[in-house]
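J.: sequence plus the predicted model coming up.
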Amino acid sequence: MPTRTARTAWDGGLQDGSGQVELTSSGLGTFDVSFPKRASEDGGGVTNPEELVGAAHSACYAMSLAAALGKVNATPHSMDVTAHVSVGMSAAGLGLTGIELVVRAEVEGIDNAAFLEAAEAAKINCPISKALTGVPITLDAALITA
């Protein structure tokens, strides 16, 4: 697998500065970042590291679940995966305090128990989940019908 690259250009201090995150490998875009807006409830119209972690985790998990379902000969028709990434203060300082993965999937050829088993295996085997082993990760998975 190739190495992927992103970069951030930052100007100023933490409270008065701002930056731009660039998706360098894909060239798909550049996104503004700011610490005060990161800490605001609505995000202030810019992205932040937690949102980017959530994007990476939800995409990785969807791929991992598709692979897990393929191993049991199930056919996924659609999956909606959301990653809720929480950040907060602890004795160690500011950090990720939890990630909740929520998946709703329409899958052919699998019962609920087997789906939940595949969903849990996907959470464990997702490379982003593996990279985030220091963060509690929970899973809310459910099959939906067409």
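T.: Yep, that arrived.
J.: name the SS class of residue 56, please.
T.: helix (DSSP: H, G, I helix; E, B strand; the rest coil).
J.: quick one: neighbours of it, just the number.
T.: Look at residue 56: counted by other Cβ atoms under 10 Å, it has 19 neighbours. Heads up, the C-betas are built off the backbone N, CA and C, glycines and all.
J.: quick one: contacts for the residue nearest to it when sequence neighbours are not counted?
T.: Excluding its sequence neighbours, the residue lying closest to residue 56 (Cβ to Cβ, 6 or more residues apart in numbering) is residue 128, at 5.4 Å. Residues near residue 128 by Cβ atoms under 8 Å, 6 or more residues apart in numbering: 53, 56, 57, 60, 61.
J.: among those residues, name the buried ones.
T.: 53, 56, 57, 60, 61 (16 or more other Cβ atoms under 10 Å).
J.: now the two most distant members of those.
T.: 53 and 61 (11.9 Å; Cβ to Cβ).
J.: shared neighbours of those two, anything?
T.: 83, 128.
J.: out of the buried ones among the contacts of residue 128, who's nearest residue 15?
T.: Out of those, the member with the shortest distance to residue 15 (by Cβ to Cβ) is residue 53, at 22.3 Å.
J.: just checking, that closest one touches residue 96?
T.: Yes - using Cβ atoms under 8 Å, residue 53 is in contact with residue 96, at 7.2 Å.
J.: mutual contacts of the two, please.
T.: The contact sets of residue 53 and residue 96 overlap at 85, 132 (Cβ under 8 Å, 6+ apart).
J.: least confident secondary structure element in the chain?
T.: Using mean pLDDT, DSSP states H and E, the weakest-scoring helix or strand in the chain turns out to be helix 35-38, at a mean of 88.
J.: now do it: everything it contacts.
T.: 14, 15, 17, 43, 44, 45, 46, 48, 49, 50.
J.: how deep is residue 107 tucked in, by neighbour count?
T.: 22.
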